[in-house]
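Asks: have a look; sequence and predicted model below, questions after that.
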Amino acid sequence: MLTKRQLLTGFACAAALALVSPAFAMDKQPFDAKAFEAAQTAGRPILIDVSAPWCPTCKAQAPILQKLTADPKFKNLAVFVVDFDSRKDVLRDFNVRTQSTLIVFKGKQEAGRSTGDTNAASIAALLNKAI
């Protein structure tokens with residue numbers, strides 16, 4: 001028979017595990033030109049996520065991206081986050097004019113982009129273009 005303490009400990013551990021990202025969850029990193037070029041050269045699928053902390057659309061996209069990139073088929077997806085407010089140089093390079101822009105690359109070739117999209121199915125379709 002389990003004691004009350006053992007049950008509470010078990011529930012606490014289960015809750016902590018639920019908060020941990022899945023094994024294949026998206027590995028986001030701030031945009032770095034050298035890392036981006038290395039991912040392109042390696043032929044990896046790439047997602048450029050242009051967002052701003054104040055953007056409600058970006059906040060709506062985040063859990064969708066988190067869920068989609070947890071899928072094992074996206075395990076090699078390199079995700080680079082570009083801060084809309086502070087990385088104007090990168091925005092110019094990618095010809096981005098607004099936050100909540102998602103750009104996918106298949107190696108060195110841009111495979112697709114969307115802006116302001118919060119539909120899980122169309123974001124999934126966009127990510128699939130990269131693999």
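Replies: Thanks, I have it.
Asks: for the record, mean pLDDT for stretch 112-119?
Replies: Here stretch 112-119 scores 96 as its mean pLDDT.
Asks: start to end distance for that stretch?
Replies: 15 Å (C-alpha to C-alpha, to the nearest Å).
Asks: so what touches it?
Replies: With C-beta atoms under 8 Å, 6 or more residues apart in numbering as the contact definition, stretch 112-119 has outside contacts at 57, 60-61, 64, 98, 100-104, 122-123, 126, 129-130. (Glycine included, C-beta is placed from N, CA and C.)
Asks: and for stretch 45-52?
Replies: The contact list for stretch 45-52, computed with C-beta under 8 Å, 6+ apart, reads 26, 28, 31, 36, 39-40, 58, 61-62, 65, 69, 74, 76-85, 91, 94, 96, 98-106, 127, 130-131.
Asks: recalculate using a threshold of 7 Å.
Replies: Contact with stretch 45-52 is made by 39-40, 58, 65, 76-85, 91, 94, 96, 99-106, 127, 130-131, as judged by C-beta atoms under 7 Å, 6 or more residues apart in numbering.
Asks: quick one, which of those are buried?
Replies: Buried members of those, counted by 16 or more other C-beta atoms under 10 Å: 39-40, 58, 65, 77-84, 91, 94, 96, 99-106, 127, 130.
Asks: low-confidence stretches in this structure?
Replies: Along the chain, segments meeting pLDDT under 70 span 1-26.
Asks: in it, which spans are strands?
Replies: For the chain, the strands defined by DSSP state E occupy 28-30, 45-51, 78-83, 101-106, 109-115.
Asks: what pairs with the third one, parallel or antiparallel?
Replies: Pointing back at strand 78-83 there. Paired strands of strand 78-83, with direction, are strand 28-30 (parallel), strand 45-51 (parallel) (DSSP bridges).
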